[in-house]
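K.L.:
give me coordinates for this.
(chains A, B, C and D)
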Protein chains: 2
Amino acid sequence: MKKQPTREKLLDITFDEVYIHGYTATSVDTILKKAGIPKGSMYHHFKGKKELVLAMVQERLFPKMELFFDFEKKEGATVTDALRSTFAGVSRNKPLIIYGCPLYRLMVELSPVDETFDTVLSTKAMQIQDNLALLLQKGIEDGEFNETLSSKDFAAYIQESTWGVLSLSPSLSSSSHFIKHSKFILETLAIYKN
Amino acid sequence: MKKQPTREKLLDITFDEVYIHGYTATSVDTILKKAGIPKGSMYHHFKGKKELVLAMVQERLFPKMELFFDFEKKEGATVTDALRSTFAGVSRNKPLIIYGCPLYRLMVELSPVDETFDTVLSTKAMQIQDNLALLLQKGIEDGEFNETLSSKDFAAYIQESTWGVLSLSPSLSSSSHFIKHSKFILETLAIYKN
DNA sequence: CCTTAATTAGACCAATTAGTCTAGCCATAG
DNA sequence: CTATGGCTAGACTAATTGGTCTAATTAAGG
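P.N.:
Sure, this is the predicted structure:
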């Protein structure tokens, strides 16, 4: 087993720790110990804790988000189908179901308190939302939905209510629970079907 | 202005601090300094930080939640009206709109990591959800909704999607945004109207 | 091989953390 | 007035925090 480059290893461990314990509750020393990397190395690669986590957000968290929430419309399929398959993918993702959306959890912790994180995280959130809105817009243009559907507003609705279920207490979370939730969303969307 | 009893003052300040900064990022010393209360007094009233915050949860946070989310059906009104008025109340509550639901935020931070908090917070969450389910059930019995509505599932749906919008980044939150969200929920509910 | 720069290593530091402890204050019951 | 018990006061502690610093090691280019 080839040794993983220091920087990459640090980003991996940082993701794991921050995902579950949050930014503040994760100490640099813990990360270092779990990674088996001495302090000097870390501070050679990153200016400090905040920069390490910010890099982790860009290089680990965001790519994962793109994986989870890609709303690609498959050839010939409807927008509803594309959404259904995204939801199904999420429901099969164990960590996402148990611990919730890492982007949202970090946003809940840090947005009210740290401007840098707020900007970075909400920008990405809006970007994902915009993709979703684009998909819905396509549905309108294709005649799947009628003009009374506001693609922007509904994209926000989907994103935020999905965040809400996902980031529940692990003791209340399950994939079947999530599936029920996503059915309600699809029912609402169906109101706007032509 | 009469001096507030030590214990009560501590609970007030603790709520403010934990609400915005979270449990971990709030230090005992900060609370003490803001409250102008010496350490000995605090440790006389509470065994430690965790117990202080747990008491705050019971005596400040939970009562506030009951205020925010009371789903009382007014004389003669429909369940839909009761919900609409609850949403309106929430949308007028500035801190709730800006910083989100304090119960949910604490749950997001601590549930995966602390069993005591998880139990206390999710029990309360379920209690509120049960009240909401009861209201919906009444709607079914009154003939406002048909039998295909699962009051339990829909109550969860309302609660969790509402949490999702509320606890967004302050920079993305506004009462008008929340109102749009609540309209979608009511539209979904309307599907089940008789 | 030798020089140079990148990286590793970890001892060290000041500040902050939650929590302890003892001395004294102060209200009230006798 | 005095004795008692609840409460206040804050100095102190041990552990942990994020961060610095310098020396040693390693890798790469000539």
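K.L.:
count of neighbours near the closest residue to A:Lys39 other than its chain neighbours?
P.N.:
Nearest non-adjacent residue to A:Lys39, counting by CB to CB, 6 or more residues apart in numbering or on different chains: A:Leu32, 6.0 Å away. Where you see a C-beta, it was placed from the backbone N, CA and C, and this is true even at glycine. Other residues near A:Leu32 number 16, with proximity taken as other CB atoms under 10 Å in any protein chain shown.
K.L.:
so what's the closest residue to A:Cys101 other than its chain neighbours up against?
P.N.:
The spatially closest residue to A:Cys101, leaving aside those adjacent along the chain, is A:Leu166, at 4.9 Å (CB to CB, 6+ apart). A:Leu166 sits next to A:Val90, A:Leu96, A:Ile97, A:Gly100, A:Cys101, A:Tyr104, A:Ser173, A:Phe178 when contact means CB atoms under 8 Å, 6 or more residues apart in numbering or on different chains.
K.L.:
for chain B, what's the nearest residue on chain A?
P.N.:
A:Gly164 (2.5 Å; CB to the nearest CB).
K.L.:
nearest to DNA strand C: which residue in chain A?
P.N.:
A:Gly40 (2.1 Å; CB to the nearest atom of the strand).
K.L.:
so which helix or strand takes in that residue?
P.N.:
A:Gly40 belongs to helix A:39-45 when assigned by DSSP states H and E.
K.L.:
what's that helix packed up against?
P.N.:
Helices and strands touching helix A:39-45, by 3 or more CB pairs under 8 Å, 6 or more residues apart in numbering or on different chains; DSSP states H and E, are helix A:6-21, helix A:28-35.
K.L.:
tell me which helix or strand of chain A sits lowest on mean pLDDT?
P.N.:
helix A:62-68 (a mean of 93; mean pLDDT, DSSP states H and E).
K.L.:
tell me the helix or strand right after that helix.
P.N.:
According to DSSP H and E, the helix or strand after helix A:62-68 is helix A:79-92.
K.L.:
now do the next helix or strand after that following helix: distance to the chain's middle.
P.N.:
Later in the chain than helix A:79-92, the nearest helix or strand by DSSP H and E is helix A:94-99. Relative to its chain's centre, helix A:94-99 lies at 11 Å (CA atoms, centre = their mean, to the nearest Å).
K.L.:
kindly report the same for stretch A:21-38.
P.N.:
22 Å.
K.L.:
outline the domain layout of chain A.
P.N.:
Split into domains by automatic domain parsing, chain A comes to A:1-58, A:69-194.
K.L.:
deepest of these, which one?
P.N.:
domain A:69-194 (a mean of 18; mean count of other CB atoms under 10 Å in any protein chain shown).
K.L.:
re the thing from before, B:Gly36: which of the helices and strands packed on helix A:39-45 is closest?
P.N.:
helix A:6-21 (31.7 Å; CB to CB).
K.L.:
measure how the closest one sits relative to helix A:28-35, angle-wise.
P.N.:
Taking axes from the mean of the first three to the mean of the last three CA atoms, to 10 degrees, one finds helix A:6-21 and helix A:28-35 inclined to each other by 120 degrees.
K.L.:
so does helix A:6-21 get close to DNA strand D?
P.N.:
No. For helix A:6-21, no contact with DNA strand D is found by CB under 7 Å from any atom of the strand; the gap never falls below 10.0 Å.
K.L.:
could I get the average pLDDT for that helix?
P.N.:
Average pLDDT, helix A:6-21: 97.
K.L.:
could you name the helices and strands sitting against it?
P.N.:
helix A:28-35, helix A:39-45, helix A:49-56, helix A:94-99, helix A:102-110.
K.L.:
pLDDT score assigned to the residue lying farthest from the centre of chain A?
P.N.:
Here the centre of chain A is the reference, and by CA atoms, centre = their mean the most remote residue is A:Gly40, at 31.5 Å. For A:Gly40, the model assigns a pLDDT of 96.
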